[in-house]
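Chemist: Give me coordinates for this.
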Amino acid sequence: MRFTHTFLASPLRLLLLALALAGSAAAIATAATGASAASGGIGTGGGAGATAVAPSDVDLSSAKYAQLWERVTPANKRWARSTSDCESGHDPDAIGGNGVYRGAFQFTKQTWSTSPKTPGGDPIDYDYKTQAVVAVNLKLRVGTGPWPVCG
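Modeler: I've put the predicted structure just below:
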């Protein structure tokens with residue numbers, strides 16, 4: 001015996017399906033773009049927490065942060081270099097403290113996600129200049145407290 005199911009394409013079912021698809025698309029778009037501008041960032045695709053960042057977004061972000069890095073004063077560039085040397089050996093991919101501390105400046109994910117100029121995501125997804133811009137801007141806002149030994 002063969003069973004077949006006939007789907008009735010009533011206007012109500014089609015409307016409900018369209019609303020469900022639109023809602024799903026909106027939720028995905030919101031999650032993908034994040035809201036880092038609200039946390040002091042520049043809105044390049046991150047948000048509070050560990051939002052995934054597409055490689056093309058990282059490339060665009062790197063160019064923006066390279067420009068921002070050029071505006072950092074020589075004194076703050078020296079501070080960034082010495083602090084990152086002390087924290088991680090100047091390694092933007094460094095992971096310490098069983099995964100708690102990440103990047104050249106050993107940010108926690110919470111500190112990274114709430115720092116000024118953060119692109120969001122995970123610090124190790126970004127190059128040194130991006131991490132340094134975030135670190136310098138955090139230092140300018142709150143001082144060297146986030147780096148009690150090295151800052």
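Chemist: can we go C-alpha only for contacts and neighbour counts from here?
Modeler: Will do.
Chemist: okay, now Thr130: neighbour count?
Modeler: The number of residues packed near Thr130 is 25, by other C-alpha atoms under 10 Å.
Chemist: which secondary structure element contains it?
Modeler: Thr130 belongs to helix 128-142 when assigned by DSSP states H and E.
Chemist: Can you give me the buried ones in that helix?
Modeler: Residues Tyr128, Lys129, Thr130, Gln131, Ala132, Val133, Val134, Ala135, Val136, Asn137, Leu138, Lys139 are the ones in helix 128-142 that count as buried (16 or more other C-alpha atoms under 10 Å).
Chemist: need those residues in JSON lines with distance to Thr111 and pLDDT, can you?
Modeler: Shown next, in JSON lines, are the buried residues of helix 128-142 (distance: C-alpha to C-alpha, whole Å; pLDDT from 0 to 100):
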{"residue": "Tyr128", "distance to Thr111": "17", "pLDDT": "97"}
{"residue": "Lys129", "distance to Thr111": "17", "pLDDT": "96"}
{"residue": "Thr130", "distance to Thr111": "15", "pLDDT": "96"}
{"residue": "Gln131", "distance to Thr111": "12", "pLDDT": "97"}
{"residue": "Ala132", "distance to Thr111": "14", "pLDDT": "97"}
{"residue": "Val133", "distance to Thr111": "14", "pLDDT": "97"}
{"residue": "Val134", "distance to Thr111": "10", "pLDDT": "97"}
{"residue": "Ala135", "distance to Thr111": "10", "pLDDT": "98"}
{"residue": "Val136", "distance to Thr111": "13", "pLDDT": "98"}
{"residue": "Asn137", "distance to Thr111": "12", "pLDDT": "96"}
{"residue": "Leu138", "distance to Thr111": "9", "pLDDT": "97"}
{"residue": "Lys139", "distance to Thr111": "12", "pLDDT": "98"}
